[in-house]
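**Student:** Pasting the sequence and the predicted coordinates here, then a few questions.
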Amino acid sequence: MANSLTTYLDYYNSLSKPGYAVLVTGEWGVGKTYQVLNHIKKKDRYYISLFGVGSVEQIDAEMVALCNPKLSKLSSSFGAVSNAATNLGGAFSFANIPSSAFNAVFKQNIRPDRVLIFDDFERSALSVKLLLGVVNQYVEHYGFQVIIIAHDEDLKESVRFYKEKVIGQTIEVTANCSDVYNTFCSNLVDGSSRDFISSFKDQVIELFSESGVVSLRVLRHVIEDLVRLRKCLRDEDLNNNDLMSNLIGLFVVFDIEVRKGNVLCVDVQNRSPYSPVTNNDESSEVSVISNLNKKYSSVDMHSTLLRNDTLVSVFFMGEFDSLSIQRDIDSSVYNPSTADKSPWQILSSFDDLDDEIIEVARINLNKQFSDRSVCDSGEMLHIFALKMFMVDSGVELGNVQSVKTACKCYIDDLKRKGELPPREKHERWYLSFHGSHNGIKYWVQSSYQVEFNEVLSYLIKSREEVLFNDAHRIWLELKHKMHHDSIGFLSSLSSNNHGVEGYQTIPILKMIDPDEFIDAWMQAPKENWRNITFALSFRYSHLKINRYLSEEREWARILYFNLNRLAEENDGFQALRIRRAMPNTLVKYFGDIEGVDDYKALNFEFIDE
């Protein structure tokens, strides 16, 4: 297919000894070399890459090798060749050959019977001025048609001072996506992959054009990633035209934008399952994903067809997990069956489903809410967010404040019935449901963000209270370990090498009477004391007492004072043993404090026996 480049090259090649060179330029990755070499066949060209070339002699030697590949003739003439020309673009130099002798061979073998192409012009170690002198030599003295290929915009400015005599035409190349797409497809070994990529050519090219990206290298990577995606899909997926059209669109846009650095991992992780209907406040922040929705008219960038965690895995970790991708497809609106989907999943896709389906889902979600049948925190928050959304948008009667109160009552009811799970033991336990669940962000809009966050905080606090309400059982468990399994006691209270998850970051000891703790310690076998000491020392090391165990600081201070008082009340080895068992971190923090006469005045609510 003819374009401005090929049309001019045909004209230029028809000239005999044109007396000037042609500069082909354009942005990085637009396929300048590909387009030139694709139009001028190998038999009609001499091609030299100047990448890394550091001398004029290298260029001339390369030309000799190209014009006369039978180097044995040169070898017999000069006796030795230090480095043979490798391939097109390789360096070629003659060792210890008199310049006059080389010039004679050079003039004898150089014939302007083909177009001479200099590629990577700006990547040579030679100056632009010197390179243009070489080009002028081949144009003026040897009558060659010379094409220079360069991609750097700055190079054109450097050439400006010298090019008037040497360069008679400059052509700016743009990407020829269609031809290059066909070439990439033809290079695929697997026939089914070629058919798959070819079938989506128009859609991919359109999205690539909308992106504004000119680098064909990005297009090649997108095609390679689509081949990997295809291997994760089932026959029923590939045969679902509606699914594939939406999947390809979402996948290609994220692939392009992530590769260009326009979308970061955090943008994907924070992607919401909805696009705001209106935004009259020009000062309010618009997300990167929402802006992409405006850029690509045919793609819903908020679609949950591929969940956030799947997108992160694919585009930031390079992992194409078939099970995750198929899970996403099965739970999407493109799976005709809604029997296995939760009401919140169906309601979240109301844009794509009939009113009859959505109404059934709305009724079922309200029934789940009234029955308190969902106990999983992430699923609960999806339900809470949608309840707020429906009243905020006028789908249901009421207001966000009343929904907020009802959500807190829901949590209280689960807690009262013993169905609200306690907080997990690791430090950042709430992150598993804090911003999303099941790979999908909660449907939260700015108009009720504050109320939703209040419910989220209430849920976290309530689950922590469930754990602390079980403090009596936990203390009995710890006391048993203190007496019979000191290694288990150490593992339960402090970070160590035993790998047992316990209460290392949970201030559970604040619920235990310090004197009762000391009594249990004193009654433990003496061989267990060392591990009890280690447990407290490790527990409060590295400033932990001022971080996630800050609520336990006063408890630890009382413990330290009462241990000191107990040592003073005893004598002999018992007094010495208590002082030696004092955790060194408590000495570090509280060694200079004054006594506490009545710890109960500190308002601790210790558990009762």
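**Tutor:** That came through, no problem.

**Student:** Phi first, then psi, for the closest residue to residue 227 other than its chain neighbours.
**Tutor:** Nearest non-adjacent residue to residue 227, counting by CB to CB, 6 or more residues apart in numbering: residue 193, 4.8 Å away. Any C-beta I mention is one placed from the backbone N, CA and C, and that applies to glycine too. Per-residue torsions, residue 193: phi -70, psi -40 (degrees, to the nearest 10).

**Student:** gap between residue 193 and residue 427?
**Tutor:** Going from residue 193 to residue 427 by CB to CB, to the nearest Å gives 46 Å.

**Student:** So for the two, which residue has more residues nearby?
**Tutor:** residue 193 (18 against 13; other CB atoms under 10 Å).

**Student:** which residues in the stretch 501-609 of the chain form helices?
**Tutor:** Counting by DSSP state H, counting those that start in this stretch, the stretch 501-609 of the chain has helices at residues 514-523, 529-539, 553-569, 572-580, 584-590.

**Student:** Could you export the ones you listed as JSON lines, including distance to residue 179, mean pLDDT and mean neighbour count?
**Tutor:** Listed next are those as JSON lines, based on distance: least, CB to CB, whole Å; pLDDT from 0 to 100; neighbours: other CB atoms under 10 Å:
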{"stretch": "helix 514-523", "distance to residue 179": "78", "mean pLDDT": "95", "mean neighbour count": "17"}
{"stretch": "helix 529-539", "distance to residue 179": "66", "mean pLDDT": "93", "mean neighbour count": "20"}
{"stretch": "helix 553-569", "distance to residue 179": "70", "mean pLDDT": "93", "mean neighbour count": "18"}
{"stretch": "helix 572-580", "distance to residue 179": "83", "mean pLDDT": "92", "mean neighbour count": "13"}
{"stretch": "helix 584-590", "distance to residue 179": "71", "mean pLDDT": "87", "mean neighbour count": "16"}
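
**Student:** Make JSON lines out of those and add distance to residue 251.
**Tutor:** Putting those into JSON lines (distance: least, CB to CB, whole Å) gives the following:
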{"stretch": "helix 514-523", "distance to residue 251": "58"}
{"stretch": "helix 529-539", "distance to residue 251": "48"}
{"stretch": "helix 553-569", "distance to residue 251": "51"}
{"stretch": "helix 572-580", "distance to residue 251": "65"}
{"stretch": "helix 584-590", "distance to residue 251": "53"}
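
**Student:** Select, out of those, the one closest to residue 181.
**Tutor:** Among those, helix 529-539 comes nearest to residue 181, with 60.8 Å by CB to CB.

**Student:** For that closest one, name the packing helices and strands.
**Tutor:** helix 486-493, helix 584-590 (3 or more CB pairs under 8 Å, 6 or more residues apart in numbering; DSSP states H and E).

**Student:** roughly how far is it from the heart of the chain?
**Tutor:** Its chain's C-alpha centre and that of helix 529-539 lie 41 Å apart, by CA atoms, centre = their mean, to the nearest Å.

**Student:** and what of stretch 529-548?
**Tutor:** On CA atoms, centre = their mean, the centre of stretch 529-548 falls 37 Å from the chain's centre.

**Student:** Am I right that residue 48 is in a helix?
**Tutor:** No: Residue 48: not assigned to a helix; according to DSSP: H, G, I helix; E, B strand; the rest coil it is strand.

**Student:** isn't it right up against residue 60?
**Tutor:** No: using CB atoms under 8 Å, residue 48 is not in contact with residue 60; the gap is 10.2 Å.

**Student:** pLDDT below threshold where in the stretch 251-400 of the chain?
**Tutor:** For the stretch 251-400 of the chain, the stretches with pLDDT under 70 are 275-286, 336-339.

**Student:** Okay, strands next: where are they in it?
**Tutor:** With DSSP state E, counting those that start in this stretch, there are no strands along the stretch 251-400 of the chain.

**Student:** how long is stretch 561-578 end to end?
**Tutor:** End-to-end distance of stretch 561-578: 12 Å, with CA to CA, to the nearest Å as the criterion.

**Student:** Work out the gap between it and the centre of the chain.
**Tutor:** Offset of stretch 561-578 from its chain centre (CA atoms, centre = their mean): 57 Å.

**Student:** Check stretch 212-229 too.
**Tutor:** 17 Å.

**Student:** pretty sure residue 387 is in contact with residue 405, am I right?
**Tutor:** No: the pair residue 387 / residue 405 is not scored as a contact, 11.4 Å apart, by CB under 8 Å.

**Student:** And those two? Which one has more around it.
**Tutor:** Neighbour count, other CB under 10 Å: between residue 387 and residue 405, residue 387 has more, with 28 against 12.

**Student:** who touches the more buried one in this structure?
**Tutor:** Applying CB atoms under 8 Å, 6 or more residues apart in numbering, we find residue 387 in contact with 365, 369, 396, 403, 406-407.

**Student:** and if we set it to 7 Å?
**Tutor:** By CB atoms under 7 Å, 6 or more residues apart in numbering, residue 387 lies in contact with 369, 403.

**Student:** swap in residue 188?
**Tutor:** 194, 197, 227.

**Student:** residues near the residue lying closest to residue 502 once chain neighbours are set aside, how many?
**Tutor:** Residue nearest to residue 502 in three dimensions, not counting chain neighbours: residue 492, with 3.5 Å by CB to CB, 6+ apart. Residue 492: 23 surrounding residues under other CB under 10 Å.

**Student:** how much space between residue 492 and residue 465?
**Tutor:** 20 Å.

**Student:** How about residue 44?
**Tutor:** 82 Å.

**Student:** ok, these two, which is more surrounded?
**Tutor:** Between residue 44 and residue 465, residue 465 has the larger neighbour count (other CB under 10 Å), namely 14 against 11.

**Student:** Residue 320: neighbour count?
**Tutor:** Residue 320 has 16 nearby residues by other CB under 10 Å.

**Student:** Look up the closest residue to it, ignoring the ones flanking it.
**Tutor:** residue 228 (4.8 Å).

**Student:** Could I get the phi/psi values of the one you found?
**Tutor:** Dihedral angles (degrees, to the nearest 10) for residue 228: phi -70, psi -40.

**Student:** With residue 440 instead?
**Tutor:** Residue torsions, per degrees, to the nearest 10, at residue 440 are phi -130, psi 130.

**Student:** Would you agree it is in contact with residue 306?
**Tutor:** No: checked against CB atoms under 7 Å, the pair residue 440 and residue 306 is beyond contact range at 10.5 Å.

**Student:** of the helices and strands packed on helix 529-539, which approaches residue 575 most closely?
**Tutor:** Among the helices and strands packed on helix 529-539, helix 584-590 sits nearest to residue 575 (CB to CB), with 16.2 Å.

**Student:** helices or strands up against the closest one?
**Tutor:** Helices and strands touching helix 584-590, by 3 or more CB pairs under 7 Å, 6 or more residues apart in numbering; DSSP states H and E, are helix 529-539, helix 553-569.

**Student:** possible to save these as CSV with distance to residue 20?
**Tutor:** Below are those laid out as CSV (distance: least, CB to CB, whole Å):
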stretch, distance to residue 20
helix 529-539, 80
helix 553-569, 83
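
**Student:** between the ones you listed, which gets nearest to residue 172?
**Tutor:** helix 529-539 (67.3 Å).

**Student:** between that closest one and helix 514-523, how big is the angle?
**Tutor:** Angle between the axes of helix 529-539 and helix 514-523 is 140 degrees (criterion: axes from the mean of the first three to the mean of the last three CA atoms, to 10 degrees).

**Student:** So what touches helix 529-539?
**Tutor:** With contact meaning CB under 7 Å, 6+ apart, helix 529-539 is reached by 482, 486-487, 489-490, 493-496, 504, 521, 524, 581, 583-586.

**Student:** ok, now stretch 353-371?
**Tutor:** By CB under 7 Å, 6+ apart, stretch 353-371 touches 333, 338, 343-344, 346-347, 350, 374, 383, 386-387, 410.
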